[in-house]
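Peer 1: could you work out the structure for the sequence below:
(chains A and B)
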Amino acid sequence: MEIKEIVSEKLRDKYYKINHDSGLTIYVAPKEGYKSSYAIFGTHFGSVNSNFVTNGEEVTVPDGIAHYLEHKLFESEDGDAFTKYAKTGANANAYTSFNTTCYLFSCTEKLDESLRILLEFVRNPYFTKETVAKEQGIIGQEIKMYDDSPDWRVMINLLDAMFQKHPVRKDIAGTVETIAKITPELLYTCYNAYYNLNNMVLAVAGNVTPEQVIAVADEILTKKDEPLNTRSLFPNEPYEVGKNFVEQKLSVAVPLFQLGFKEEAGDRRLTAKELAQTDILLSAFASEASPLYRRLLDEELINQSFGFEYFEEMGYRAVIFSAESHDPEKTAKIIKDASCELHKTGISEIEFNRAKSLVYGKNVAALNSPENIATIMASFDFAGRELYNYIDAVAAATLDDVNERLRSQLDADNTTLSIVR
Amino acid sequence: MSEIVREKISDGVTFNFISDNRFKTSRITAALFLPISAETASANALAASLITRSCKRYPDFTSLSRRLDELYGAALYSNVRKLGEIQALTFTAAGIDDRYALDDMKISAQLTELLCSALFDPNIENGAFIESELSGERRQIIEEIDSEFNEKRLYAVKRCIEIMCENEPFSVNRVGTKEKLSTLSGECVYKAWMNDLKSAKVELYMLGDTDPSSTLNGFKSAFGNKSRAIGLSTTIIKKADGVRRLTEHQDVTQSKLVMGFRTPYAEPYTDTAAATLMCTVLGGTPSSKLFANVREKMSLCYYCAARYDSNKGIILIDSGVETENIEKTENAVLEQLKAMQAGDITDEEIDAAKLALKNRYITCLDSLASMEGFYLSQTFNRRTRSPEQKAEEIFSVTKEQIIEAANAVSLDTVYVLTGKE
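Peer 2: Here you go, the predicted model:
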């Protein structure tokens, strides 16, 4: 077992990275004087991993199975995990994204016991015909809730139109029809393929010591997992968007849109340095102090719901703008025109400096929260990035770097506009 | 650590200071409390928005945002919420501590300055807010009201409250109405603001590793020597007189069921610990009766939760279900309540709810914003309690008290939002 202490003088913080003998990577970030701890145990397996080769055999599973598995893992032969957590007071939850499934809790006492519960139930799948059938109604209602959610629909429609082949086009929870095909056997196949400790990460932050976490890991993860023998299969995604425009009618009082600028996905994840440059670039371009934001406000096109994100994983990358607007088409045109202009002029020194200071400060402030720290450590691990490297890269970024980065981003000729109205 | 120090500045004005060096940020908030009424809510809300949008020193949103970015992503924002039948306007300045700046920027001192400029030196001409600023904020608040319509779960809860409390000030939207907003002039909003500053009950908060003296002095000169805050109270209807039912139709896939209940328990009239615990046992956690039965056993829904408002003394239970299951779900909810009234509550259920509440309270101590919110929500309580004290109160509640509280609950309103026929 290897324990590495990672210190940041600048941030006056530290954390530990542990390569546990079981194959699991563990991060522990003690926060002095904190009362609570936040733990997250995740696998690099999400809704996009629906076609894979495991132990030499190619498998295709129904859409929505990663999310279904997340729900069903909470049940064990001796009762469900929520009942066990009820005895420690921990506030537990889980979520499935396009590329990860994470199980988490926050607690203010009995951390060791809650950690034991977390590791035990995630390591011990128990799927039967009856328990799988019971979940159809619950997840069916979850899917229907999202069907009525304009925020969700506008994003899923965008991804479906923007990407031509990659399974990120599909809704995370699947559909009532696809989940009807899920069986205990298929759940075990996915579990065995991806819930391998070498493909997982445990991150704990707050009122915790590395010794505490290692002791529980030693106790529960006694067997070393074999090296991961699963390879996800993804179709080659073309550079070009599938469709430029998609629209859905829902019961809304004010229309919503998302505008995606698709990028070359590349064959690797973004480095901490590239991500830092992109974050500064996007803030310079579109945060509240930017000329673009001002223009959109003056034209009465956006409100405080306006935002942007960088959507990036293995096999897909895009910058996505979103907002409520009474004229989404006009708003999108202004954003696209501004991006063309930006490619001509580059980012100015003034915008660069304020954006850098903004991004740096927000990242420092985020380190107050055990939830943020644990979540970022886990998601960065899946991407091969490191938390302090990223913040250092923000501090070290130069105007030239960011303008260079701009060259491969915000291509106004490769966008999709999704509207719900 | 985290002890709150309360200093009375004058009648109705209190300065709250929490000295805490665990965080990388500090925050200052001024909270103004006013009776909510359909007449004044809109002007107050609009004034609150305008106050943090610009000021004499930074006369438009862009120049203010730019300054905040330079101060390492500092924030200056207002918020409008309801505490029972009292409208709370909060104004917050927050930012990272000086020692984390990449240069020698003095951030903390500027936070007080910024907040005071915003509150006491607003962007006015000839006794009125400037029209261009006013129209922008008005539009954004109107769009905020519209967006409440977009999210159906929130919308259904809001509608249930409107119907249930039709003849009480509690039914007034926290930002008033679109109609009222569109008639307000810059002059009358400024008049409303001047009146708010003079008459509101005021709670000031300063939290972090910071010296309170200059802020305290600034606030003393601004808020001292004035008597204020007469007649701030919330009316409680202890028992429902019959059940009101309303079904509305929209183009939705999933039906929303919201049940509104009356209780005789509300601060500052009675203790609320028993009602809080009772509601948590019923539907406050994933081990609660509603979750365990309506969701897990009957597979009727994805969510079925109960919330108790200790300032108004009401309980709301909501769920998203198939249209044909609405009645079945309503009956299932009432059956769980009846079980509690009959004393069918296990020690495990009570202990689980106690631990969950304690966890929720103590976790507040690890965030400046949560600590502030925790104390702010107690503004009209008879005593101010720390998170630890509140947890102790919950732990002292007996099973008999829970049963008594359950028996005092009466169903008032059943609201259903469902698809078009």
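
Peer 1: SS state for A:S22?
Peer 2: State at A:S22, reduced to three classes by DSSP: H, G, I helix; E, B strand; the rest coil: coil.

Peer 1: just give the closest residue to it, not the sequence neighbours.
Peer 2: Setting aside the residues directly before and after it, A:S22 is nearest to A:L221 in space (C-beta to C-beta, 6 or more residues apart in numbering or on different chains), at 3.8 Å. For glycine as for every other residue, the C-beta is placed from the backbone atoms N, C-alpha and C.

Peer 1: check contacts around the one you found.
Peer 2: Neighbouring residues of A:L221 by C-beta atoms under 8 Å, 6 or more residues apart in numbering or on different chains: A:H20, A:S22, A:L24, A:L119, A:R123, A:L197.

Peer 1: is it correct that A:R268 is in contact with A:M314?
Peer 2: Yes. Between A:R268 and A:M314 there is a contact at 7.5 Å, judged by C-beta atoms under 8 Å.

Peer 1: more crowded one of those two?
Peer 2: A:M314 (18 against 9; other C-beta atoms under 10 Å in any protein chain shown).

Peer 1: I figured that one hits A:R269, correct?
Peer 2: Yes. Contact status for A:M314 versus A:R269: in contact at 6.0 Å, counting by C-beta under 8 Å.

Peer 1: name the nearest residue to residue 382, sequence neighbours excluded.
Peer 2: No chain specified, so I'll use chain A. Going by C-beta to C-beta, 6+ apart, A:F382 has A:H44 as its nearest residue, at 5.0 Å.

Peer 1: looking at chain B here, not the other one
Peer 2: For B:R382, the closest residue by C-beta to C-beta, 6+ apart turns out to be B:P268, at 4.8 Å.

Peer 1: please identify the helix or strand for that neighbour.
Peer 2: Following DSSP states H and E, there is no helix or strand that holds B:P268.

Peer 1: secondary structure element for residue 215?
Peer 2: Since no chain was named, I'll use chain A. The secondary structure element spanning A:A215 is helix A:210-220 (assigned by DSSP H and E).

Peer 1: that's the other chain; I wanted chain B
Peer 2: Remark: B:T215 resides in helix B:213-223, with elements defined by DSSP H and E.

Peer 1: list the helices and strands that helix packs on?
Peer 2: Where contact means 3 or more C-beta pairs under 8 Å, 6 or more residues apart in numbering or on different chains; DSSP states H and E, helix B:213-223 is packed against strand B:4-10, strand B:13-19, helix B:107-120, strand B:201-208.

Peer 1: return the most buried member of these.
Peer 2: The densest packing among these, expressed as mean neighbour count by mean count of other C-beta atoms under 10 Å in any protein chain shown, is seen in strand B:201-208 with a mean of 24.

Peer 1: could the helices and strands packed on helix B:213-223 go into JSON lines alongside distance to chain A and mean pLDDT?
Peer 2: As requested, those are exported to JSON lines (distance: least, C-beta to the nearest C-beta, whole Å; pLDDT from 0 to 100):
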{"stretch": "strand B:4-10", "distance to chain A": "15", "mean pLDDT": "91"}
{"stretch": "strand B:13-19", "distance to chain A": "12", "mean pLDDT": "94"}
{"stretch": "helix B:107-120", "distance to chain A": "8", "mean pLDDT": "92"}
{"stretch": "strand B:201-208", "distance to chain A": "10", "mean pLDDT": "95"}
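
Peer 1: need the residue closest to the centroid of chain A.
Peer 2: Taking C-alpha atoms, centre = their mean as the criterion, A:S97 is the residue nearest the geometric centre of chain A, at 5.9 Å.

Peer 1: list the contacts for residue 369?
Peer 2: Since you didn't name a chain, this refers to chain A. If a contact means C-beta under 8 Å, 6+ apart, then A:S369 has B:D366, B:S367 as its contacts.

Peer 1: wait, I meant chain B there
Peer 2: Taking C-beta under 8 Å, 6+ apart, we find B:A369 in contact with B:R27, B:A94.

Peer 1: least trustworthy helix or strand in chain B by mean pLDDT?
Peer 2: Of all helical and strand segments in chain B, the minimum by mean pLDDT, DSSP states H and E falls on helix B:213-223, at a mean of 85.

Peer 1: what's the very next helix or strand once past that one packed up against?
Peer 2: Towards the C-terminus, the helix or strand next in line after helix B:213-223, according to DSSP H and E, is strand B:244-249. Here strand B:244-249 is seen to pack against helix B:152-164, strand B:410-418 when contacts are counted using 3+ C-beta pairs under 8 Å, 6+ apart.
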